[in-house]
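**Student:** the amino acid sequence is not available; the structure is as follows:
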């Protein structure tokens, strides 16, 4: 079972204050790029892996999805998601993504925002997800970029010449990374980009798009603290089709 | 036209002394991983983009390829390749990969070792290469990893805690990188990994495998100076099929 850090009161309180928690999708700078990778949603049966407060679930339903099932491990997240949702075709269910249990060919689109880097056994999850999708079904996901998760000491440095650099090491050492982000001891899984892509291909997906998200000039003008995100990718955005 | 640095006498002399130039494929630590991505070669018509001294051309012919055409921009490289080759089914031709001109559906396998990071217009090259391959044809290529090419100052650093780190910046700033490697002013093209993969997909290839090469324990035992290469990927190895 994956670590359930979102039900840690300190983490949950901190996460609830993030811009993306308060403002929803508009507070997530990578959302426009991720949204652009979605197929036309009209009539689709959607599953959202790691739905959190359900912002994307509600948005996809309003954009035409027939039904949206949001899965999350955190009771705190699901309780708030349910309280914010008044649409009977958006439902939420507690689920451990490490042991995904979905009906075969029950969905046309699987969506996942910033959840897959918590998963230990990604090939198993992707295999089960492939079976839960119809042939030709879509997968669109964001996750923390491996350049972000790799270093033994995650954080910007200033080099001898005064340049801001991301001190990369450990890229090829895959496995757990324990960081103090909102709470102590948050466990994320570092995988090379190639490992993630090969897991997708091995599970029977055809890759259709890879984006290593960077803020636009307009976003930096509005939020100058995003500027360093152009120096190294923060998020990896993937689109694939069930083969 | 791409920079023809391999015909620069200083560069050529330096390159000729590299282990991979003296020992051939056995002197290239990534060769076993790249070789493992090749399809069975029996009877294949092969084109090698950036063939250099022709080591891989001769190896692929001996491994069963019907014909191998080696292309390179450098007359110095081609002259030595021809001098080392006594097989009439291995031929060499001077070609600028920026303006690739090959017969349609004339090849079953396109191979390229450490050449694509010199190419300015990768989508154009890949589009022409797609047309030169039969449907289902294979592409297997190595190139410098974008984590290697990105930084404004390419080289290892030691951080305040004494750890060896790769000072990454500029990952999302794509374009030329001028480095002093064997000679002054060697121009390579930095592209994000996603950009390279999307160019492949956009040209009509289906991705089949991505490897971010790292030395094995046995290789490090034999060549201890390879150990840092586990901290950040040096080479990107790609396999794809013409859709």
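**Tutor:** That came through fine. Just so you know, these numbers come straight off a predicted model, no measurement behind them.

**Student:** please count neighbours and contacts with C-alpha atoms only from this point.
**Tutor:** Noted.

**Student:** buried ones in the longest strand seen in chain A?
**Tutor:** The residue-count maximum for a strand in chain A (DSSP state E) belongs to strand A:133-144. Buried residues in strand A:133-144, defined by neighbour count with 16 or more other C-alpha atoms under 10 Å in any protein chain shown: A:133, A:134, A:135, A:137, A:138, A:139, A:140, A:141, A:142, A:143, A:144.

**Student:** ok, stretch A:65-78 next?
**Tutor:** A:65-78.

**Student:** pLDDT of the very next helix or strand once past the longest strand of chain A, averaged?
**Tutor:** The helix or strand immediately downstream of strand A:133-144 is helix A:146-149, counting by DSSP states H and E. What helix A:146-149 shows for mean pLDDT is 97.

**Student:** wait, does helix A:146-149 contact chain B?
**Tutor:** No: contact of helix A:146-149 with chain B (C-alpha under 8 Å from any C-alpha of the partner chain) is absent, the minimum separation being 8.6 Å.

**Student:** spit out the contact partners of residue A:46.
**Tutor:** Applying C-alpha atoms under 8 Å, 6 or more residues apart in numbering or on different chains to residue A:46 gives the contacts A:65, A:66, A:67, A:68, A:69, A:107, A:108, A:109, A:110, A:111.

**Student:** what's the separation between it and chain B?
**Tutor:** Using C-alpha to the nearest C-alpha, to the nearest Å, residue A:46 is found at 25 Å from chain B.

**Student:** how close does residue A:108 sit to residue B:226?
**Tutor:** 46 Å (C-alpha to C-alpha, to the nearest Å).

**Student:** neighbour count: the two, which is higher?
**Tutor:** Of the pair residue A:108 and residue B:226, residue A:108 is the one with more neighbours under other C-alpha atoms under 10 Å in any protein chain shown, namely 23 against 16.

**Student:** so which helix or strand takes in the more buried one?
**Tutor:** Per DSSP H and E: residue A:108 is located in strand A:107-113.

**Student:** just to revisit the earlier point, what's the farthest-apart pair in the contacts of residue A:46?
**Tutor:** The most widely separated members of the contacts of residue A:46 are A:66 and A:111, with 14.4 Å between them, by C-alpha to C-alpha.

**Student:** helix/strand/coil for residue A:209?
**Tutor:** At residue A:209 the chain is in strand, as set by DSSP: H, G, I helix; E, B strand; the rest coil.

**Student:** same question for residue A:185.
**Tutor:** Under the three-state scheme (three-state DSSP), residue A:185 adopts strand.

**Student:** do the same with residue A:102
**Tutor:** Look at residue A:102: counting by three-state DSSP, its state is coil.

**Student:** likewise the one 3 residues further on?
**Tutor:** Judged by three-state DSSP, the three-state class of residue A:105 is coil.

**Student:** how near is it to residue B:103?
**Tutor:** Taking C-alpha to C-alpha, one finds residue A:105 at 43 Å from residue B:103.
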